[in-house]
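Peer 1: For reference, the sequence and a predicted model appear below.
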Amino acid sequence: MTYPLLRVEDLTIGFPYGTVVHGVSFDVHPGETMALVGESGCGKSITAFALMRLLPPGARIQGGHVIFDGVDLAAAAPHALRDIRGRSLSLILQEPMTSLNPVLPIGMQIAEVMRRHEGIGKAAARRRSVELLELVGVTDADRRYDDFPHHFSGGMRQRVMIAMAVACKPRLLIADEPTTALDVTIQAQVLELLDDLRRQLGMAVLLITHDLGVVAQWADRVTVMYAGRVVEQAPVRPFFATPQHPYARGLLDASVGHDGEAHYTTRRLNEIPGSIASAAGEAGCPFAPRCPDRIAACRRAPPVLTALGPDHNVACIVAAGTDHVAVDR
Ligand SMILES: Nc1ncnc2c1ncn2[C@@H]1O[C@H](COP(=O)(O)OP(=O)(O)OP(=O)(O)O)[C@@H](O)[C@H]1O
């Protein structure tokens, strides 16, 4: 096992009204795709923003560590963060229009990232921006360098965002629902592009998604979140073959079609009866109100993440057995 590139340890995030991410831990290894999956509101995006230290107003890291390449980003000084962000750690979001400047030509925006982080001259930055646009599949890149974001379709804008995000060859790209706003064929093309770039540039990808089809096809490992906590993490193959947490099992059971084939692509995570909101105010396992396997002890305290096997952890006292051993990180 390689040493992790990113180690998130016991990360806890809150707003003035309460804690929304409770002691989340996961690793991302060099060159791999790790999927962070969960239904809307479970805390995926807030976790991603916390990794970049770009939390919305009012939100605060209340505890834990985010060790990236040996530096604790949760405690790093602003100048150190500025240097890391956009250079070795990059973020792409669901809707590129929120990240692109509408009044600047797209080529110039890509060039600007390289000029800021690598201090290269104007001409070299332009040349490399055109190469990057070609790399992400923008045809006639030299001419399109001077086009504005509104001249591009949604899928092409996402390609431009990806070009900008990988301009400085990051070691880790965080992609927060990168294809949710796109139609299905374009989604597949953009995910394929991300995977190609991951291999070509040797970067790792933290892929945030609510789509199990995307996880099955593109991820090496998966971390499932529920109500601000990690409930299961495993390599993708054992996860899909033998999911252990009742929430994960519910997600996968429900995605098998009448023909007996798995249909992950159309699966939405909110089809299990009940809602995350029903966990509010619960003292025990946040999934207990919706859980088919719950026993009385589930109501006592949130279960700890427990090792079931190599790299396979579950936070469920029923799945883990009562004589469980806490995960030793
Ligand atoms: N700006 C904000 N102010 C207050 N609460 C917020 C804010 N942003 C997120 N939250 C809360 O934090 C929790 C986690 O939200 P987050 O956006 O991380 O969920 P998510 O899993 O990414 O969902 P989605 O897939 O819908 O984006 C939710 O309860 C949400 O209501």
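Peer 2: Perfect, thanks for sending it. Residues are numbered from 1 along each chain as shown.

Peer 1: Output stretch 227-247 as CSV, nothing but the C-alphas.
Peer 2: The C-alpha coordinates for stretch 227-247 follow below in CSV (Å, rounded to 0.1, in the frame of the first residue of the first chain):
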residue,chain,number,x,y,z
ALA,A,227,-25.9,12.3,7.5
GLY,A,228,-22.4,13.7,7.8
ARG,A,229,-20.6,10.5,8.8
VAL,A,230,-18.7,7.8,6.9
VAL,A,231,-20.8,4.6,7.0
GLU,A,232,-18.7,2.3,4.7
GLN,A,233,-15.4,2.5,2.8
ALA,A,234,-14.0,-0.2,0.5
PRO,A,235,-12.4,-0.9,-2.8
VAL,A,236,-15.1,-0.8,-5.5
ARG,A,237,-15.1,-4.5,-6.3
PRO,A,238,-15.9,-5.8,-2.8
PHE,A,239,-18.2,-2.9,-2.2
PHE,A,240,-20.4,-3.8,-5.1
ALA,A,241,-20.1,-7.5,-4.5
THR,A,242,-20.7,-7.5,-0.8
PRO,A,243,-21.8,-4.2,0.6
GLN,A,244,-21.9,-4.4,4.4
HIS,A,245,-23.7,-1.4,5.7
PRO,A,246,-27.5,-1.7,5.5
TYR,A,247,-27.6,1.7,3.9
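
Peer 1: what's the straight distance from one end of stretch 145-165 to the other?
Peer 2: Taking C-alpha to C-alpha, to the nearest Å, stretch 145-165 runs 16 Å from one end to the other.

Peer 1: got it, and stretch 174-188?
Peer 2: By C-alpha to C-alpha, one end of stretch 174-188 lies 18 Å from the other end.

Peer 1: same question, stretch 223-235
Peer 2: By C-alpha to C-alpha, one end of stretch 223-235 lies 9 Å from the other end.

Peer 1: buried ones in it?
Peer 2: 223-235 (16 or more other C-beta atoms under 10 Å). In short, each C-beta sits where N, CA and C put it, glycine included.

Peer 1: Can you list phi and psi of the residue nearest to Glu32 when sequence neighbours are not counted for me?
Peer 2: Excluding the flanking residues, the one nearest Glu32 by C-beta to C-beta, 6 or more residues apart in numbering is Asp220, at 4.4 Å. When quoted as degrees, to the nearest 10, the phi and psi of Asp220 stand at phi -90, psi -40.

Peer 1: so what's Asp220 up against?
Peer 2: Applying C-beta atoms under 8 Å, 6 or more residues apart in numbering, one finds that Asp220 lies in contact with 32-34, 235-236.

Peer 1: cool, Ala175 as well?
Peer 2: Counting by C-beta under 8 Å, 6+ apart, Ala175 has contacts 91-92, 194, 205-208.

Peer 1: Next secondary structure element downstream of the one helix or strand it maps to?
Peer 2: Assigned by DSSP states H and E, Ala175 belongs to strand 172-176. Counting by DSSP H and E, the next helix or strand C-terminal to strand 172-176 is helix 184-201.

Peer 1: Name the strands paired with whichever helix or strand comes after that next one and say parallel or antiparallel.
Peer 2: Later in the chain than helix 184-201, the nearest helix or strand by DSSP H and E is strand 204-209. Partners of strand 204-209 in the sheet, by DSSP bridges, are strand 33-37 (parallel), strand 172-176 (parallel).

Peer 1: Residues touching the first one, excluding its own?
Peer 2: With C-beta under 8 Å, 6+ apart as the test, strand 33-37 has contacts from 26-28, 44, 47-48, 195, 198, 204-212, 214-215, 218-225, 236, 269.

Peer 1: Strands along this structure, start to end?
Peer 2: 6-15, 18-28, 33-37, 60-68, 71-72, 89-92, 172-176, 204-209, 221-226, 229-235, 306-309, 312-314 (DSSP state E).

Peer 1: what's the closest of the ones you listed to the ligand?
Peer 2: With C-beta to the nearest ligand atom as the criterion, the ligand lies closest to strand 18-28 of those, at 3.8 Å.

Peer 1: Fine by me, we can end here.
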